[in-house]
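Visitor: no sequence on this one, just coordinates:
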């Protein structure tokens with residue numbers, strides 16, 4: 001009788017450990033899914049807007065402006081004061097996008113600003129200080145599309161994309177692990193996963 005009780009203890013402990021692990025994995029899966037809900041929704045919606053741009057109205061707006069910069073900033077006989085020029089243009093034309101380019105030659109400076117769904121290019125004559133600006137805003141759909149692609153978004157948004165990718169990977173992996181505890185659904189779940197995997201590889205093959 002004592003041997004039977006002793007041999008039953010390891011099996012009971014193993015069962016409790018498995019149950020506790022399943023409970024923790026279920027908790028992590030549920031709350032990581034809730035945490036990543038907005039991420040999944042955002043990248044799902046922007047997948048549609050990227051794939052079907054013709055479904056949405058064209059909200060493109062363009063603007064042109066011109067003016068004069070102080071020749072002291074351009075330093076015709078030396079290097080232009082880049083920081084001061086950029087800040088002057090930002091303040092004068094309410095530009096909030098990141099600086100994407102500042103090129104200089106003997107005759108002109110070209111200053112470029114870029115952000116999601118936005119661009120502005122300024123051409124400055126170094127001899128006279130006259131400049132012409134071409135600004136283009138593509139609308140909210142273009143903004144979220146660029147956010148989806150991480151284009152002209154800066155380092156903070158790139159970190160957000162990385163974290164989102166890690167989170168979605170964990171959600172998928174934890175869901176796959178959880179199904180191992182569902183004995184009755186294990187075979188059908190794995191078969192469904194294989195069908196989905198085959199379909200995505202087949203579709204990607206056809207797209208090549």
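Guide: Everything's here; your move. Just so it is clear, the structure is predicted and the values come from calculations on it, not from any experiment.
Visitor: Is residue 28 in contact with residue 175, as I believe?
Guide: No - in terms of Cβ atoms under 8 Å, residue 28 does not count as a neighbour of residue 175; the distance is 10.5 Å. Using the backbone N, CA and C atoms, a C-beta is placed for each residue, glycine as well.
Visitor: got a list of contacts for stretch 44-61?
Guide: 136, 137, 138, 139, 140, 141, 142, 144, 145, 147, 148, 149 (Cβ atoms under 8 Å, 6 or more residues apart in numbering).
Visitor: what separates the first one from residue 98, distance-wise?
Guide: In this structure, residue 136 and residue 98 are 15 Å apart, going by Cβ to Cβ, to the nearest Å.
Visitor: From the contact counts, what lies against the lengthiest helix in the chain?
Guide: If you go by DSSP state H, the chain has its longest helix at helix 2-35. Packing contacts for helix 2-35, counted by 3 or more Cβ pairs under 8 Å, 6 or more residues apart in numbering; DSSP states H and E, involve helix 154-178.
Visitor: List the buried residues for the helix it packs on?
Guide: 161, 164, 167, 168, 170, 171, 174, 178 (16 or more other Cβ atoms under 10 Å).
Visitor: Now render those as CSV, adding distance to residue 62.
Guide: Listed next are the buried residues of helix 154-178 as CSV, based on distance: Cβ to Cβ, whole Å:
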residue, distance to residue 62
161, 29
164, 32
167, 38
168, 37
170, 43
171, 41
174, 47
178, 52
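Visitor: before we move on, the earlier item: quick one: which of the contacts of stretch 44-61 sit in helices?
Guide: Reading helices off the contacts of stretch 44-61 with DSSP H, I get 140, 141, 142, 144, 145, 147, 148, 149.
Visitor: List only buried entries from those residues.
Guide: 141, 142, 144, 145, 147, 148.
Visitor: what about residue 125, neighbour count?
Guide: Residue 125: 15 surrounding residues under other Cβ atoms under 10 Å.
Visitor: The chain - how does it break down into domains?
Guide: Annotated domains of the chain cover 21-54+164-207, 61-137 [automatic domain parsing].
Visitor: which residue sits closest to residue 174 in space, ignoring its chain neighbours?
Guide: residue 29 (4.1 Å; Cβ to Cβ, 6 or more residues apart in numbering).
Visitor: Apologies, that question was intended for residue 86.
Guide: Residue 86 sits nearest to residue 99 (Cβ to Cβ, 6+ apart), 5.7 Å away.
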